[in-house]
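[1] The following block contains a protein sequence and its predicted model.
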Number of protein chains: 2
Amino acid sequence: MGEFVITGGHLVLPAGEGRVKVQAGDLFISGGEIAEVAGPGTPAGSGSIKTVDATGCAVMPGLVNAHCHGAMSLFRGYADDLPLMRWLEEWIWPAEAHLTPEDVYWGTALAVLEMLRGGVTTFADMYFHMDEAARATADLGMRGILSEGLIGIKRGGQEDLYRSRALFERWHGSAGGRLQVQLGPHAPYTCPPEYMEQVISLARELGCGIHIHVAETTDEVEEIRQEYGMSPVQYLDRVGLLDGLPLIAAHCVYVDEEDLRLLKTAGVGVVHCPGSNQKLGSGVAPLGQMLEAGVTVGLGTDGACSTGRLDLWSEMRAAALMQKAVHRDPERIPAATMLYLATRGGAKACGLEDVGELSVGMKADLAIVDLSAPHLVPHHDILSLLAYSAGPSDVRDVYVEGQPVVSGRRTVRLSEQGIVQKALMAAEDLVGRVGLV
Amino acid sequence: MGEFVITGGHLVLPAGEGRVKVQAGDLFISGGEIAEVAGPGTPAGSGSIKTVDATGCAVMPGLVNAHCHGAMSLFRGYADDLPLMRWLEEWIWPAEAHLTPEDVYWGTALAVLEMLRGGVTTFADMYFHMDEAARATADLGMRGILSEGLIGIKRGGQEDLYRSRALFERWHGSAGGRLQVQLGPHAPYTCPPEYMEQVISLARELGCGIHIHVAETTDEVEEIRQEYGMSPVQYLDRVGLLDGLPLIAAHCVYVDEEDLRLLKTAGVGVVHCPGSNQKLGSGVAPLGQMLEAGVTVGLGTDGACSTGRLDLWSEMRAAALMQKAVHRDPERIPAATMLYLATRGGAKACGLEDVGELSVGMKADLAIVDLSAPHLVPHHDILSLLAYSAGPSDVRDVYVEGQPVVSGRRTVRLSEQGIVQKALMAAEDLVGRVGLV
């Protein structure tokens, strides 16, 4: 791993209390970490090493997609504008039954490619055939927190636990530490208490975190209330999921004050997925209340077939605009907060202590955003441009742990065209096998 | 004007009742119009003319931005996350007082550049120093419906009317008919009845349309109710604005059933601006009810400083997702409807009978969208990809009246870098003059 300096950019730096700020300066990268953050005019690093010119660019922590189903990119646009359960039962689940490990490799590769190109350096992924998802993530150089989805109510739930253990043993800490493995009990309504207890016991044995969907729809809330007489978050508490295990809780659209207190006390990382919640008609999560309650919050895209894009820029915009509209308050969730949530917030939600912030000792996961396109001019307020005006196509270079993964808007490691072609073929073939189109 | 054929693309064609559909085929363009729409395998046009290969692309009507303040792109990010009136009174109006005609030229050029690059071929613009806006629009080859904003309650309202008349005489029907001029009374709360009557009388004399903001915020609704005892739309009716004049009514966030009936009966073109309404905390317009009531609806970005981007793709997404979320109904405003609103809907709202649709005799205003980027793969459903996954960076070629204005993602007529540099300088200089930063 080399040493280099990124010079002349607008650095997006931590500003305390869940916010970021912008300051001109240089970054010195060494050994995959940020070794120095220097103010304007102060040369960073030694004069003799490689220099990356970021003049006219923003230099920011890589975006963190804290809830995703990467390989579902194969189903992008496959079934749209449908209610969640019909969408799952009539379209997605029948198609998923035909997915091969190779499909998951190319679907995940397509997802990782899209994300890296858009400045996302870390994703938390939950899906099937996760060995192949791990392989694709490793091959493309991304940071991944991977879990196999576990459905306790279906046959084979036990086998799935063995497979998750094997996945952990094979991949956790691999690719130079870029890959981590967690357990992925799907949701309260698909994992009864006895199964949750087995999941928790395995997580404690392996020392790994857990990734789950919680309180996504009113249907779920009603089902859990009927079955257990409590909210989905209270259910997590009851089965022991809030007892100190690192936990990623995706969605949390329907959480009340007591739920937020529980989530905050247990240090749960809540992942707000505004695009998916909106597109599936699930509702609007109380993002402002979550932040006021001191809950750790990150952003997630969910799968490409529920939201259309694996694009954290769209999610930032959707999250901020939605809150402002629904509460009729333009001051709600300002740009500095939104950029924090999309970077350090997401990393914290995923339990990553050394990711998501441009400060000394943190992993050099970062994106250089070219501010020269017409839609990013003029430059009155770089944070505003990043939160409201920029998009994936503005990302010029991306580094994960100091290694270039996107350079001049092209992936460094694998052929983009190759991945796109393989994914196109896999998707076509899959639809043929399912016989639905 | 030459003849050419666009071959091998996925054509976005009218499907009746406010929807579009996708069908493989070729387009034959002649004399700036669509001369033939041919099915797959049928060669269109004659074999000897120029061919544009659109294999792997969608070919769609150019997007219509039916409400914009182009030159406000100079204020993009200038003041953010603020309530509407504070934003206007403390930031925007003081800065606008310093705007020169040259600023408006470069600000509009920047806006037109951003829009053309993103596949927008028509915009309805309301601002000041509109001669310069007209010049920029003409220079870049866009279609524009231009109006000077008229504030009846300020001194000089009378002079403004003379200036609008001169603007009409100079520019209406110019640039080969690409430019039209309307009158732009700002809003019910800034134009009292006597002034509105003068505006209407001038519009009748010139035979031109009118562009106005209506029912954007609860403040406006309350003000008009207190002053006149009626809703803003009823106010339009009372002052005679609903008596058969072509009318573009931007926003209409707060409209009830009676208002919708009035808007429908008068054939008003309502422009839904979801991004601006969300970002300024104005609220959520009842898009579904508007469509059910049979009102003509288009989409608008409003100015770049209220919404961050002049990007119809973001507006499509914001409009659809917002409706689905607020009504908890994923079936609401499907992709086929949203694409109609962003094209033919907007053109109708602007009173353009021969724009916004790929059918014989319509103006050849169109965008070719490259579907090869990772975020547009696979190709299960092209309409879904266009409504939910595509963005400005996917637009490869743009034609206005059969003339190429963007080719291979670059503007054809003026230097992009030149416009960007001039706009950067104008914005910096302006902020210096205002002395606020």
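    Nice, I can see it. Worth saying up front: this structure is predicted, and the values here are computed from it rather than measured. Residues are numbered from 1 along each chain as shown, chains lettered A, B, ... in the order given.
[2] Now do the buried residues in the helix or strand of chain A with the lowest mean pLDDT.
    Across the helices and strands of chain A, the lowest-confidence element by mean pLDDT, DSSP states H and E is helix A:84-86, at a mean of 79. Residues residue A:84 are the ones in helix A:84-86 that count as buried (16 or more other CB atoms under 10 Å in any protein chain shown). Any C-beta I mention is one placed from the backbone N, CA and C, and that applies to glycine too.
[3] Which residues does that helix contact?
    A:216, A:217, A:219, A:280, A:281, A:282, B:330 (CB atoms under 8 Å, 6 or more residues apart in numbering or on different chains).
[4] can I get those residues in CSV with distance to residue B:235 and pLDDT?
    Below are those laid out as CSV (distance: CB to CB, whole Å; pLDDT from 0 to 100):
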residue, distance to residue B:235, pLDDT
A:216, 43, 96
A:217, 41, 95
A:219, 43, 94
A:280, 39, 92
A:281, 35, 93
A:282, 38, 93
B:330, 36, 93
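[5] Name the nearest of the residues you listed relative to residue B:58.
    residue B:330 (23.2 Å; CB to CB).
[6] Please name the nearest non-neighbouring residue to that closest one.
    Among residues not flanking residue B:330 along the chain, residue A:281 sits closest, at 3.8 Å (CB to CB, 6 or more residues apart in numbering or on different chains).
[7] check contacts around that neighbour.
    So residue A:281 contacts A:83, A:84, B:324, B:325, B:327, B:328, B:329, B:330, B:331, B:332 (CB under 8 Å, 6+ apart).
[8] Separate out the buried members of the residues you listed.
    Buried, going by 16+ other CB under 10 Å: A:83, A:84, B:324, B:325, B:327, B:328, B:330, B:332, out of the contacts of residue A:281.
[9] In strands, which of these fall?
    Using DSSP state E, no member of these falls within strands.
[10] any chance of these in JSON lines, with distance to residue B:75 too?
    Output for these, formatted as JSON lines (distance: CB to CB, whole Å):
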{"residue": "A:83", "distance to residue B:75": "41"}
{"residue": "A:84", "distance to residue B:75": "40"}
{"residue": "B:324", "distance to residue B:75": "31"}
{"residue": "B:325", "distance to residue B:75": "29"}
{"residue": "B:327", "distance to residue B:75": "33"}
{"residue": "B:328", "distance to residue B:75": "36"}
{"residue": "B:330", "distance to residue B:75": "36"}
{"residue": "B:332", "distance to residue B:75": "33"}
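[11] Quickly name whichever of those residues is closest to residue A:69.
    Nearest to residue A:69 among the buried ones among the contacts of residue A:281, with distances taken as CB to CB, is residue A:84, at 14.0 Å.
[12] and the top helix by length along chain A, which residues are buried?
    The residue-count maximum for a helix in chain A (DSSP state H) belongs to helix A:416-434. Residues A:416, A:419, A:420, A:422, A:423, A:424, A:426, A:427, A:430, A:431, A:434 are the ones in helix A:416-434 that count as buried (16+ other CB under 10 Å).
[13] And stretch A:17-30, by the same measure?
    A:18, A:19, A:20, A:22, A:23, A:25, A:26, A:27, A:28, A:29, A:30.
[14] do stretch A:144-163 as well
    Result for stretch A:144-163 [16+ other CB under 10 Å]: buried residues A:144-152, A:157, A:160-161, A:163.
[15] try stretch A:350-364
    A:350, A:351, A:352, A:355, A:356, A:357, A:358, A:362, A:363, A:364.
[16] Now secondary structure, distance to residue A:69 and pLDDT too, for those, in CSV please.
    Conversion of the buried residues of stretch A:350-364 to CSV gives the following (DSSP: H, G, I helix; E, B strand; the rest coil; distance: CB to CB, whole Å; pLDDT from 0 to 100):
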residue, secondary structure, distance to residue A:69, pLDDT
A:350, coil, 15, 98
A:351, coil, 19, 97
A:352, coil, 20, 98
A:355, coil, 21, 98
A:356, coil, 21, 98
A:357, coil, 26, 98
A:358, coil, 29, 98
A:362, coil, 27, 98
A:363, strand, 24, 98
A:364, coil, 28, 98
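[17] can you tell me which of the residues you listed lies nearest to chain B?
    residue A:358 (20.7 Å; CB to the nearest CB).
[18] returning to that earlier point: just the closest of the buried residues of stretch A:17-30 to chain B, please.
    For these, the nearest to chain B is residue A:22 (11.2 Å; CB to the nearest CB).
[19] Wait, a strand at that closest one?
    Yes. Assessed by DSSP: H, G, I helix; E, B strand; the rest coil, residue A:22 belongs to a strand.
[20] Provide the partner residues of it in its beta bridges.
    Assessed by DSSP bridges, residue A:22 has beta-bridge partners residue A:12.
[21] Repeat that for the one 4 residues further on.
    Note on residue A:26: beta-bridge partners by DSSP bridges are residue A:38.
[22] Quick check: the gap between residue A:284 and residue B:217.
    20 Å (CB to CB, to the nearest Å).
[23] When those two are compared, which one has more neighbours?
    residue B:217 (22 against 19; other CB atoms under 10 Å in any protein chain shown).
[24] give the contact list for the residue lying closest to that one once chain neighbours are set aside.
    In space, and not counting its chain neighbours, residue B:217 is closest to residue B:282: 5.0 Å by CB to CB, 6+ apart. Neighbour list for residue B:282: A:325, A:328, B:84, B:216, B:217, B:251, B:253, B:276 [criterion: CB under 8 Å, 6+ apart].
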